[in-house]
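Chemist: Return a 3D structure for these sequence lines:
(one chain, ligands or ions: 1)
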Amino acid sequence: MKITVPFIPGDGVGPEVTSAMRSILDAALEKTYSGTKTLDWLEVQAGQTAFERFGTYLPDETIQAFKTHHLGIKGPLMTPVGGGIRSLNVALRQELDLYVCLRPIRWFKGVSSPVLHPERVDMVVFRENTEDIYAGIEWESGSPEARKFYRFLREEMGVEKVRFPETSAFGVKPVSKEGTERLVRAACKYALAHDRPSVTLVHKGNIMKFTEGGFKTWGYELARREFPDEVASGKLVIKDCIADAFLQNALLKPEDYSVIATLNLNGDYISDLLAAQVGGIGIAPGANINYDTGDAIFEATHGTAPDIAGKNLANPCSNLLSGTMMLEHLGWNEAADRIYAALEQSFAEGFATFDLARMMPNGKPLGTKEFTEHLIERI
Ligand code: NAI
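Modeler: This next block holds a predicted model:
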């Protein structure tokens with residue numbers, strides 16, 4: 001079985017971490033399946049490299065390749081500042097309607113963490129990716145649009161609560177029933193498929209009653225309607241938590257949580273908080289998925305790290321773990337487990353790139369290439 005994977009090497013450290021990820025995935029597949037399951041890597045471009053070569057940051061061919069193969073992996077992309085160019089990551093998510101941002105968070109023994117019991121953190125965050133205040137519907141303070149919007153609010157909607165209307169900027173927070181349902185459905189299915197103990201809806205419905213409160217209500221209704229037997233038997237435990245309490249609980253009793261389903265902005269904060277708890281902010285993997293079309297793009301979650309680009313210092317683990325998630329997405333779990341085992345063993349013995357090794361009591365720092373070779377040997 002040969003699967004074609006379009007990949008964007010990315011900008012800055014992107015090509016280094018992508019090359020590491022590819023050779024480690026290939027080695028794990030070869031060792032596990034002896035050539036019967038392989039990846040056919042198809043290079044496509046986006047970001048600064050694409051702009052220099054083709055005069056556009058996101059060529060149509062790149063989007064088309066992801067659509068054709070329903071799969072892809074990307075390194076970090078430089079987001080051009082100013083000029084009205086949207087974030088390329090956001091553009092890709094919107095083009096393919098990748099409505100779940102999936103972030104698994106676990107601790108690897110040996111990785112230094114700011115909390116006493118990082119081993120208790122084992123969560124998978126389903127962050128809604130297309131709605132909420134992130135939809136990009138907002139108007140600048142003092143602009144004609146902001147004034148027009150305020151006039152509409154006051155004159156047609158009877159809103160009198162805006163404290164400083166003349167200088168207020170405005171943003172709109174759309175949260176829909178369909179958007180909530182497809183996200184919560186994906187989280188419930190994931191929990192059932194992976195024997196996860198619970199799904200927690202994290203929201204701020206006590207304050208934003210119709211948007212975040214709607215998310216909570218629609219989420220519960222969906223779970224009870226579409227998974228009645230599983231909910232009744234306790235196989236699927238669905239609960240909710242208010243976002244601020246969740247942030248506290250995630251530090252104090254993380255073992256109470258497993259799969260998290262939440263809105264876009266909450267999910268952004270939560271993903272980074274949890275990643276920091278396991279010391280993994282620099283190595284956290286991610287994926288953007290549409291579970292209906294099957295389209296999925298896996299990605300390193302860090303940026304282009306221009307300060308260390310080309311210096312053999314980059315940690316390839318975020319991209320590597322995203323690639324490992326891609327193997328799991330394909331159902332090639334044995335190869336994925338082999339990579340996890342190699343990483344667990346290496347970190348436990350103190351082998352890591354400089355950024356992680358310097359925080360480990362027994363740290364043995366390796367360059368990007370040497371760390372890659374080390375992992376391949378372990379595999
Ligand atoms: P950054 O993540 O590139 O760097 C922050 C710090 O983390 C730097 O000190 C960097 O050296 C370090 N770092 C990042 N990745 C590392 C790795 N793999 N190994 C070791 N150290 C690593 O964030 P920054 O500086 O805010 O952004 C730089 C560029 O990246 C910007 O153009 C930004 O828009 C873009 N960016 C792209 C993202 C994406 O494509 N997913 C995400 C975040 C930023």
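
Chemist: Okay, the closest residue to Q345 other than its chain neighbours and Q45: tell me how far apart.
Modeler: Leaving aside its chain neighbours, Q345 sits nearest to R378 (5.9 Å; criterion: Cβ to Cβ, 6 or more residues apart in numbering). Yep, even glycine has a C-beta here, placed from its N, CA and C like the rest. In this view, R378 and Q45 are 32 Å apart by Cβ to Cβ, to the nearest Å.

Chemist: of all of the stretch 251-379 of the chain, which residue lies closest to the ligand?
Modeler: Closest to the ligand within the stretch 251-379 of the chain is G303: 2.5 Å, counting by Cβ to the nearest ligand atom.

Chemist: who touches that residue in this structure?
Modeler: Going by Cβ atoms under 8 Å, 6 or more residues apart in numbering, G303 touches G12, P76.

Chemist: likewise E95?
Modeler: I63.

Chemist: Mind doing that once more with 10 Å?
Modeler: Applying Cβ atoms under 10 Å, 6 or more residues apart in numbering, one finds that E95 lies in contact with L58, D60, T62, I63, F66, K67, D295.

Chemist: What's the local residue count around the residue nearest to Q345?
Modeler: 18 (other Cβ atoms under 10 Å).

Chemist: Equivalent analysis for K2, please.
Modeler: Neighbour count for K2, taken as other Cβ under 10 Å: 9.

Chemist: Kindly report the same for H117.
Modeler: 11.

Chemist: And stretch 206-216, what's buried?
Modeler: M208, T211, E212, G213, G214, F215, K216 (16 or more other Cβ atoms under 10 Å).

Chemist: Ok, stretch 320-331 next?
Modeler: Buried, per 16+ other Cβ under 10 Å, within stretch 320-331: L320, L321, S322, G323, T324, M325, M326, L327, E328, H329, L330.

Chemist: tell me the phi and psi of the closest residue to F351 other than its chain neighbours?
Modeler: Leaving aside its sequence neighbours, F351 sits nearest to K364 (Cβ to Cβ, 6+ apart; 5.1 Å). Torsion angles at K364 (phi, psi; degrees, to the nearest 10) stand at phi -120, psi 90.

Chemist: Test my guess that K364 contacts A348.
Modeler: No - the pair K364 / A348 is not scored as a contact, 11.6 Å apart, by Cβ atoms under 10 Å.

Chemist: mind checking the SS state of the residue positioned nearest the centre of the chain?
Modeler: By Cα atoms, centre = their mean, the chain has its centre lying nearest to G286, at 3.3 Å. The three-state label given to G286 by DSSP: H, G, I helix; E, B strand; the rest coil is strand.
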